[in-house]
Each structure stands twice: as C-alpha cells, then as structure tokens.
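Visitor: what's the 3D shape of this:
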Amino acid sequence: MIKSTHLPDFFTLQSIFEGIQDAIYCHDLEFRITNWSPAAERMFGYTVPEVLGQSVFLLIPEDKYSEKEKIMKEVLNNKRISQYRTIRLTRSGKQIPVALSISPIKDEDGQIIGTSQIVHDVSFEQLAEEKQSRLAAIIESSEDAIISKTLDGIITTWNKGAEHIFGYTEEEAVGRPITILLPADRLGEEETIIASLRRGEKVDHIQTIRKTKDGRLVNISLTVSPIKNHDGVVIGASKVARNITAQKESEMLIAKHMERLELLNAVGRSINESLDLQQILQQVTDATTKLTDAEFGAFFYNQVNQEGESYWLYTISGAPREAFANFPMPRNTDVFHPTFSGEGVVRSDDITKDSRYGKNAPYYGKPSGHLPVISYLAVPVKTKSGEVIGGLFFGHQDKAIFKEEHEELVLTVASQAAIAIENSRLFKEVQELSAKKDEFIAMASHELKTPMTSLFGFLQLAHRSAGESAAKNLLEKAIRQLEKMTVLVSDLFDISKIQSGKLQLNIEYLNLAILIREVKESFLQAHPDHILTIEMPEQSFVNADRMRLEQVMTNLLNNAVKYAPAAKTIELKVQHQDKEILTSIKDFGPGISEENQRHIFSQFYQAKESKDGSAGLGLGLFISKDIIERHGGRIWVESEPGNGATFKFSLPLAQEH
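Guide: Next up is the predicted model:
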C-alpha cells in the first residue's frame, strides 16, 4: 500500500486505474457496490450506471455466498486477502475463475466502512496449462507494479507490487529518477515513452526488460498512461508493469520443442476447425495412431453403466471397425481402469507381461481373434474440469514400440481434443439456447406491440384533450418515450425475423427520389431545428421494398442527429454509378474511430463515441445492413475522427419498367 506521505492525486489514481488490466471495484458494509473500474466493466459486462448501488452478490454464484461472508469476516478483522481463487459471474451468466485481492476501506477515524477488490481473470492460465500439456509449467500471475512519475522522469508514487518486482522500498524509490530501473542499453526507451506522453498518447502493453535493485534483469509487460490536470495538460505518467519472466521462460521452453509442435500443428488446426464430434475424434485417432507408429489405434468413449463397466468404441484407425464387431466393449479391468478413471497414462513394452494383464474372466487376456497387441499405450482424455471423456488406446504386435516422446505427443493431442470436444458440446448447447432466445424475442416483441399501440392511441387522445395544461407537456414527453420504445420493439422483432430467415421484402418498382422527399418531410417534422440538404437526380428507379428502404434512411438520418448533436446540417446525395445507385448521408460531427468502423454494423454493437446514454440496443445498423444486402446492395461507412461520418449504401439500378 502506498504510504500517506506520498499519496497520489486524483488524476494519478484515475490514470493508474485506467492502466490496470485487472478489474477493481469497491462495496460498503451492506454489500452495495460503490466504485467500478473500466476493467471491471470489460470483465463483467456491467456499465457504471448499471452496477453502482447494486448488491455485490450479483457477481457471485449462489454456492459461493457463504464463502463471501467468510471472507468478509476476515476483512472486518483488518485482514487483507491476497490472490484468493474462486468463481465470479459475468452479466451474461458466464462463470469465470478469478484470483481476488481484497483490502478493507477505512474512514478518517480508522473504522472499516467497506472493501476494495482487485479481480484477476485466471481463465487464460488454465487454458494455457491444458494446451501446453506438460511442455511448460503453469504461469502464476504476480501483483502488478504501479508507479507514477513526472515528465522529468522522477518517481512520485510506488506501490507494494513495484517493491516486490524491483526490490526497492517506497522510501528508496520515490524522488529518484525512473532510470534506476532501466538497463544501460535501454535508456533510449524512456525518451521515446516521455515523447509519446507529452503528446497525450498511451503506451500500451509493450514487452521490455527492466533492472531490479540487486541488478537482476526481469521481463515485463508495460503500460504507460499520461496523467493530466484539470486543464487537460499532461503533467506526469503512470506505469503498470507486470512481471512476465516466467512466461518468457516458458516461451523458451516451447521454442525447444518447436519441431514437435510443428508436427502437431496440422492436427490441432483440423481439430479446432471442426465442431462435429465424430469428425474431431476420428481426426484425433488417425493423427495419434500415425504419430505413435502404432499398427492401430482406437478411441473409447467413457459411457459408464450403473456398475461402472461399460465403454463405447467411438473411432478406430489402422484396422477395420469390423475387427471389433464380434467382441464386447472393454470392461473396468485392471488394465483399462487407470485410463477410464483418469489416473494416468499406461505405457508397456509388453502388456502381456504386465502384472495387471490377464486377471479378469472370462478371457483372462485377449479373446481369440483379437488384434495382436504386445506394445501398449493408453492415454486418458480429460476436460479442464477433470472429467474423463474417454481414452486413446494404441497397439502394436512388436515389443517396445512406444517411447516417452510418443506418450507426450498423445498427451498434447489429447488435451487439444478435450478442448475441441468441449467446444463441440458447448456449440450444440449454444445452438439450442440461441434458438430459444430467438423464439422468446419474437414472442415478446410481438406481444408487446398490441398493448403499446393501444397505449399510444390513449396518450394521443389525452394529449388532444389536455389543452394548454401542465399535463400536456408530460403527455408529450410520454409519447416521445413511447415512440422510442416502439422503435426498440420493432428492431427486436426485425432481429428475430432476420435470425429465423423470415424477414420478407415487398418488392416494387419505385423512384428513390420520391421516397427521399417523403423521408425528408417526416425527418424535418421530427427535427425542425436541423437542415437536410439533398442533391439527387429526379429519377432513380430501383426494385425495392419501400417501407424497408425508408426504415434504412430514417435510421441513418436519426444516427446523424444522435451522434452529431452540435451539427445541425446533414447532407444527402444520390448518384448513378455504372449500374448502381449510390446514396450517401453525411453528418458533421466528431466522426467514428477505426475500431468502431470495423464493428459498427455488428449486432448489439454501440459506438464508443456516444456519450449521451441514448445509444439504444445497437440494432439499427445491423438491421439496415441486412435489408440492403437482401436487396443485392452493400452498405459501409467512411469517416475520419473530427471530420464527421458518411454512411453510404448502393442498390442495383432497376431496368426500365
């Protein structure tokens, strides 16, 4: 914890929090959330307005409630919890494994009034452990170093993470130049970073090397953010450094096994590209049979009966399936038990000499006619949760065929196969849930339309009879809000139609110029303080659905108003280009960043430039794109930040009617 003699100011803390990669949030003693960092929003999916004042238990699975209460008791005893492994819930209901660091928050009298929590998502570490499959040790995350400095490079704040990584105490570091951490051959990096900060730029996740107090060199991932004062002037910088030395060492270990990984690359690619369970397992069986030089290989699916003695032959390689047709499925014998229970790998130069072989009736070994097996290798296939999916089995009629390297290769493929199998299962579940979701949206939006239509009529009647009373103003506001709700429900209804392939078009031969004039009239009635300039030919005939094209243009015009509120002029142009009609709508607002341009037509995507809280559901452009493409056209956006945005769509020019 940073000592009070060197407390950072508000802007320093704000910059630090923005640079921290882990989620940070606080709650009071009644478990109400009081603070919520940008990283928390990215991790859990809740925005600040949605989560502030809510119970922290919305982030905690029910089976972890008692755990939370126990931790809270320890915090109230002034104990800090560090790197506590548990599970938390995102807004979508997804469970993510996390490591928690929890500290008490005290008032000026030293009384505990709440807690602050740093949440680190450890999903990547768990996934990396399976993918590398004993090729690298699990990389444990360490606490980040958080440092602030002036533009002259003088350290102003220094936390415990920095002390842990670099070895200097706060008293030793504060007031000294940041160059005490730089090796001699990297002093130029600091000049480059300072130059970027003076321009107000953030230096994001660069990997470099720094020096500890005792002269050791450590690999770090570094994020540097500018600190600004009230006037927006850059007055310093915050640095967040993560020790990635263990990760780099693991990368070196992986590099030593590159030749082996190249052999596995093609296998892993084909497995991960498929979501078909049968195809995945057949590819795994074929690949591992070839990698181990086995005469045949098989995958037995772990299908257990009440006695725990039933396994299903799923795939086979190197031998016809008929070779197993006349034999019962393997039972829970001494030889098979270690594999199907997940205890570990069984590798034998001569399985017939193994002490576990031939102990079970009625065959006491291989049944007559069975494929000859002397060399034997069996590897369990397990999910990251430890569930045994089944086992890979390999045989050869010669002795001592399978080596340790074959065992490692199969373990690697088995871990990839387990992930692919889980993905296949999850994909099937997602398909089923998605179908239910689409069905619910269609039903809900359809059912909402009737009462909303009635409500709209009642409000209009009340508005007409209200005279000039104060109630008339309230009714006007209610009608505007209901109109917005009607648009949202209509968008949801359209989305359900798009997803189910039921969005129909009523195609007619129409003059786009006439439709645009009608759209202009409606637009100016709704936005009388705006100017809409139009440049177009008198005749631009297309084969299109009048209502749907009006929906597209209305959406683009409303977006121009919403995202450029200070610019009152909008330009609409229609041009004939070859066999296409190109329509463009330009605003003079702040423009759209490249990142948002890449995703702006995606379903439920909301541009980050919107700061007025009225971004809606992020469906309008997605629906517009679908409508234009169903007409055989295309839609896109052109923009440079600060120079407005121009949305364009093209439609095929209709032949003479």
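Visitor: Check which helices and strands the one helix or strand Leu187 maps to sits against.
Guide: Using DSSP states H and E, Leu187 sits within helix 187-198. If contacts are counted by 3 or more CB pairs under 8 Å, 6 or more residues apart in numbering; DSSP states H and E, helix 187-198 sits against strand 203-211, strand 217-228, strand 234-243. The way it works is simple: take the backbone N, C-alpha and C, and place the C-beta from them, glycine included.
Visitor: Which of those sits closest to Ile581?
Guide: Ile581 sits nearest to strand 203-211 of all the helices and strands packed on helix 187-198, at 42.7 Å, using CB to CB.
Visitor: what's the angle between the closest one and helix 187-198?
Guide: 150 degrees (axes from the mean of the first three to the mean of the last three CA atoms, to 10 degrees).
Visitor: Could I get the buried residue list for strand 203-211?
Guide: Using 16 or more other CB atoms under 10 Å as the test for burial, strand 203-211 gives 203, 208-211.
Visitor: one step back: so can I have CSV of the helices and strands packed on helix 187-198 showing distance to Glu476 and mean pLDDT?
Guide: CSV is the format used below for the helices and strands packed on helix 187-198 (distance: least, CB to CB, whole Å; pLDDT from 0 to 100):
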stretch, distance to Glu476, mean pLDDT
strand 203-211, 47, 84
strand 217-228, 42, 86
strand 234-243, 46, 84
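Visitor: I'd like these as a markdown table, with distance to His527 appended.
Guide: Supplementary listing: these in a markdown table, determined by distance: least, CB to CB, whole Å:
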| stretch | distance to His527 |
| --- | --- |
| strand 203-211 | 39 |
| strand 217-228 | 36 |
| strand 234-243 | 39 |
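Visitor: Check what contacts the helix holding Leu187 and list those residues.
Guide: With contacts defined as CB atoms under 8 Å, 6 or more residues apart in numbering, helix 187-198 is touched by 151, 153, 178-179, 182, 202-203, 208, 224, 226, 234, 237.
Visitor: Now rank these by neighbours and give me the top one.
Guide: Ala237 (27 neighbours; other CB atoms under 10 Å).
Visitor: List the residues that contact that one.
Guide: Counting by CB under 8 Å, 6+ apart, the residues that Ala237 touches are 15, 148-149, 151, 193-194, 197, 224-227.
Visitor: List just the nearest of these to Lys477.
Guide: So of the contacts of Ala237, ranked by how close each gets to Lys477 (CB to CB), first place is Ser15, at 39.7 Å.
Visitor: Now the helix holding Leu187: buried residues?
Guide: For helix 187-198, burial by neighbour count (16+ other CB under 10 Å) applies to 189-190, 193-194, 197.
Visitor: with those residues in mind, which one is nearest to Gly114?
Guide: For the buried residues of helix 187-198, the closest approach to Gly114 (CB to CB) belongs to Leu197, at 33.3 Å.
Visitor: and the closest one, what pLDDT?
Guide: pLDDT for Leu197: 79.
Visitor: Just want to check the distance between it and Val174.
Guide: 19 Å (CB to CB, to the nearest Å).
Visitor: low-scoring stretches of the stretch 151-300 of the chain, by residue?
Guide: Residue ranges of the stretch 151-300 of the chain with pLDDT under 70: 253-268, 270-274.
Visitor: related to what we said a few turns ago, just the contacts of helix 187-198 now: which is nearest Pro641?
Guide: Of all these, Lys202 has the smallest distance to Pro641: 15.6 Å, by CB to CB.
Visitor: Hmm, that closest one is touching Leu222, no?
Guide: No. Counting by CB atoms under 8 Å, Lys202 stays clear of Leu222, with 11.3 Å between them.
Visitor: does Asp350 really touch Gln397, like I thought?
Guide: No. Contact criterion CB under 8 Å: Asp350 and Gln397 do not qualify, at 10.9 Å.
Visitor: shared neighbours of the two, anything?
Guide: Common neighbours of Asp350 and Gln397, counting by CB under 8 Å, 6+ apart, are 374-375.
Visitor: For the stretch 551-657 of the chain, give me the ranges with low pLDDT.
Guide: Under the criterion pLDDT under 70, the flagged ranges of the stretch 551-657 of the chain are 603-618, 656-657.
Visitor: Cheers, nothing more for now.
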